[in-house]
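>>> Following is a predicted model, sequence given first.
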Protein chains: 2
Amino acid sequence: MRILIIHISNLSLRNFRNYQNLDINLPDKVTLLMGNNGQGKSNFLEAIYMLSVAKSYRGNTERDLITEGSVNGLSYSKIACDIQLQEKSTKLEIHYQCEPFDNKDGFVAQKFIKINGIPKRASDFVGNLNSVLFSVAELDLVFGTPSSRRRYLNILISQIDKIYLKNLLDFQKINSQRNSLLKLIREGNSQDNELSYWDSQSAKLATDLIIKRVEILENLSNLSNPIHKEMSNLKENMYCSYLPSTKEIYPMNPEKCFDFISSQLISNRSRDISAGTTSIGPHRDDFQIFINDLDSHRFSSRGQARTAVLALKFAEAEILKRSRNTTPILLLDDLLSELDLERREQILDMTTMFDQSIITTAEPEIISQSFKNQSNLLEINHGEISEKKT
Amino acid sequence: MRILIIHISNLSLRNFRNYQNLDINLPDKVTLLMGNNGQGKSNFLEAIYMLSVAKSYRGNTERDLITEGSVNGLSYSKIACDIQLQEKSTKLEIHYQCEPFDNKDGFVAQKFIKINGIPKRASDFVGNLNSVLFSVAELDLVFGTPSSRRRYLNILISQIDKIYLKNLLDFQKINSQRNSLLKLIREGNSQDNELSYWDSQSAKLATDLIIKRVEILENLSNLSNPIHKEMSNLKENMYCSYLPSTKEIYPMNPEKCFDFISSQLISNRSRDISAGTTSIGPHRDDFQIFINDLDSHRFSSRGQARTAVLALKFAEAEILKRSRNTTPILLLDDLLSELDLERREQILDMTTMFDQSIITTAEPEIISQSFKNQSNLLEINHGEISEKKT
């Protein structure tokens, strides 16, 4: 398999968060974006990430990313880039058209997506540019709730397996229908035996989801362990382990897994009826990250968690690369903070293996001069970016 | 009012997290604890914080803080310190006695608390040593849920006002009784008019809680604004604003506030009955932190959020100082990460105003030599602490 080389050659922003009008060329390899707090470093990475997935990763509402000026005056916002895949150039654009509206913000925004000037749907847009983003929010993988870890697996697998996404949506539908039936039975308006059909539907999809998840988690675990070892200078051993809601491990043979889930659904039936929800299945599963055999959720420090999540992100990049034939763009949002010198050096070393990576920091003094010498250095001040000489 | 000078002169740990046996003298003024990730920096501050509040601030279970060795061999853990209040010395101790038990961890731990060797209850223990802790988890004040902000106000006010704590517990009880009644009415087993009694009880306590909260938040806002201005080098303006669940501001006159809440309870009655819960009141209120007139929850960067929370912590220290006659010990857990140079310098400057502060970092190179020269420098390696020469 031949890995194709891809990079963003130009990024253009208009009325996006604190950027009024940015048009900047980006080389391949490493770009370091340095600047004080609150100048727009994360917004820069967010824009690139949006061009990968056609939506923002942060905030509840996309309205927040449109600057006020655009509403009162210019009436639109834009995020666009040119990507170079080998010799071929492609233009990706996301436009927001704003109109005054009688709500709290005073406007509504409509989103338009284009590839090379031609309008597209979000689902056609996704996949042109792959990127892996590490921001501090990702520490939720260690310290957050089981649902954030499930979400992580679901998004990663959906990116490389469209059938998984379909099964996931079907499972959610069937599970909510089963739950409605459980409530009806509780209230005496339905019979226990009506559950059999839903149990078998649910167990079938659950089997597909769980087998896929365990498989990818094993992949992540195997790929991240050596990366993590290197980042912690061979000191720490990391692995991931799937944590079933059944408290017993799932059999990895599909038929046996199906039988196991089916029997669990039956043995938990009376509890599920009184609760009105299904207590076991992939929607209640979790996974654990172990560092030196200790559950990181309970025992790891912030710096250890950062290193573990970063190793997972690098492993994720490797999985995406294998399935998509291109190395994703690496986006590291202030990831060097909270890390000791050894870990920082190891991580900076690894970034050079990517075709393109963009690293932000408010602490430029923690990056070695030799690394700076090899990088494209940018400085940011109130949404204005300028080149910086070493 | 004369402010008394207090500091911890000695800290002693036995089988506490990654510390097997630590016994260290601490001077007043600033101590810098430097070390790589995962060596025990946060655990050190956690121990001191535990001696202030008689329980841990992190983890769901206190079992996690006992090292395994203590269970198999030594069978107990200890956290102790000597504090110097002017000329007077006091010994604070927390002991955990472990016994083998048939659970997941294989043991149970019982907690004993002593002052100068005499067994005490937790409520008598709290208040001997005051400390203000800033760890990254505190960023939940900006990025977290309304419940984390309510919890922050509740804890702060409870520390300085015992009546508030009593009112809060009473309100929670009454609110849950009102909710049960709402459900009974929904199911046709009670009448609307039975709510009147609970409405008036609920409104009375709600009034007390809300007036106190608005008052302390105004205090916090007024005290934190100039601190924040200084930390951001006069560039940013910060203030806090109480956000009532009623969407309308509460009148600050107690009688008018009571009338307002009572009328709101009535006008929301039918909605509350169908939901089975009370939709307005202090248990649903929130507060907002504004930076340059933008809601920080939606618009601030990580660095800005750190600065805002830090300003609140300094304001909190000032409030505690005024109410308790002693300056609290300042505990800053890796707080300088993610911050730009200007902000770091300003914050380090402010720490010198405390009688004692303990600052941890994995990035010693971001701290200026002149600050290091004025500080007690400690180095940590696998739970072993040694003095470091500048």
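Alright, I've got the coordinates. Numbers count the residues shown, from 1 in each chain, chains lettered A, B, ... in the order given.
>>> and the closest residue to residue A:276 other than its chain neighbours, how far is that from residue A:112?
Leaving aside its sequence neighbours, residue A:276 sits nearest to residue A:183 (C-beta to C-beta, 6 or more residues apart in numbering or on different chains; 4.4 Å). Where C-beta positions appear, they are placed from N, C-alpha and C, glycine not excepted. Distance of residue A:183 to residue A:112, computed by C-beta to C-beta, to the nearest Å: 42 Å.
>>> Tell me the secondary structure at the residue nearest to residue A:276.
Following DSSP: H, G, I helix; E, B strand; the rest coil, residue A:183 is assigned to helix.
>>> which SSE is residue A:211 in?
helix A:195-231 (DSSP states H and E).
>>> now that helix, how far from the chain's geometric center?
Chain-centre distance of helix A:195-231: 17 Å, with C-alpha atoms, centre = their mean, to the nearest Å.
>>> now for the helix or strand following it, which elements pack on it?
Per DSSP H and E, the first helix or strand lying C-terminal to helix A:195-231 is strand A:238-243. Judged by 3 or more C-beta pairs under 8 Å, 6 or more residues apart in numbering or on different chains; DSSP states H and E, strand A:238-243 is in contact with helix A:195-231, strand A:286-291, helix A:302-324.
>>> nearest to chain B, of those?
Nearest to chain B among the helices and strands packed on strand A:238-243 is helix A:302-324 (2.6 Å), distances taken as C-beta to the nearest C-beta.
>>> and that closest one, which residues are buried?
By neighbour count on 16 or more other C-beta atoms under 10 Å in any protein chain shown, the buried set for helix A:302-324 is A:302-321, A:324.
>>> same check, this time on stretch A:38-55
Judged by neighbour count (16+ other C-beta under 10 Å), stretch A:38-55 contains these buried residues: A:38-54.
>>> any idea how far the nearest residue to residue A:313 once chain neighbours are set aside is from residue A:146?
Distances taken as C-beta to C-beta, 6+ apart place residue A:134 nearest to residue A:313, at 4.8 Å, with adjacent residues excluded. Distance of residue A:134 to residue A:146, computed by C-beta to C-beta: 21 Å.
>>> quick one: which of the two has more around it?
Neighbour tally, residue A:134 and residue A:146, criterion other C-beta atoms under 10 Å in any protein chain shown: the higher count belongs to residue A:134, 24 against 16.
>>> sorry, back to before: does any bit of the helix holding residue A:211 sit next to chain B?
No: contact of helix A:195-231 with chain B (C-beta under 8 Å from any C-beta of the partner chain) is absent, the minimum separation being 10.2 Å.
>>> One more: stretch A:29-43?
Yes: using C-beta under 8 Å from any C-beta, we find that stretch A:29-43 touches chain B at A:35, A:36, A:37, A:38, A:41, A:42.
>>> Which of the three states applies to the fourth one?
Following three-state DSSP, residue A:38 is assigned to coil.
>>> pretty sure it is touching residue B:299, no?
No: judged on C-beta atoms under 8 Å, residue A:38 makes no contact with residue B:299 at a distance of 9.5 Å.
>>> Surely residue A:345 touches residue A:370?
No: with contact defined as C-beta under 8 Å, residue A:345 does not count as touching residue A:370 (10.1 Å).
>>> between these two, which one's more packed in?
residue A:345 (17 against 9).
>>> how near is the more buried one to chain B?
According to C-beta to the nearest C-beta, to the nearest Å, residue A:345 and chain B sit 12 Å apart.
>>> where does chain A dip in pLDDT?
By pLDDT under 70, the low-scoring segments of chain A are A:1, A:56-63, A:67-75, A:105, A:389-390.
>>> 80 instead?
A:1-2, A:55-76, A:98-109, A:123, A:127, A:159, A:233-235, A:389-390 (pLDDT under 80).
>>> can you list the residues of it near chain B?
A:35-38, A:41-42, A:59, A:64, A:136, A:236, A:291, A:298-304, A:306-307, A:334, A:337-343, A:362-363, A:365-366.
>>> Selection in PyMOL covering whichever of these are buried, please.
Command for PyMOL, covering only those of the residues of chain A next to chain B found buried under the criterion 16+ other C-beta under 10 Å:
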select buried, chain A and resi 35+36+37+38+41+42+64+136+236+291+299+300+301+302+303+304+306+307+334+337+338+339+340+343+362+363+366
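>>> Taking the stretch 151-300 of chain A, what residue is nearest to chain B?
Counting by C-beta to the nearest C-beta, the stretch 151-300 of chain A gets nearest chain B through residue A:298, at 5.2 Å.
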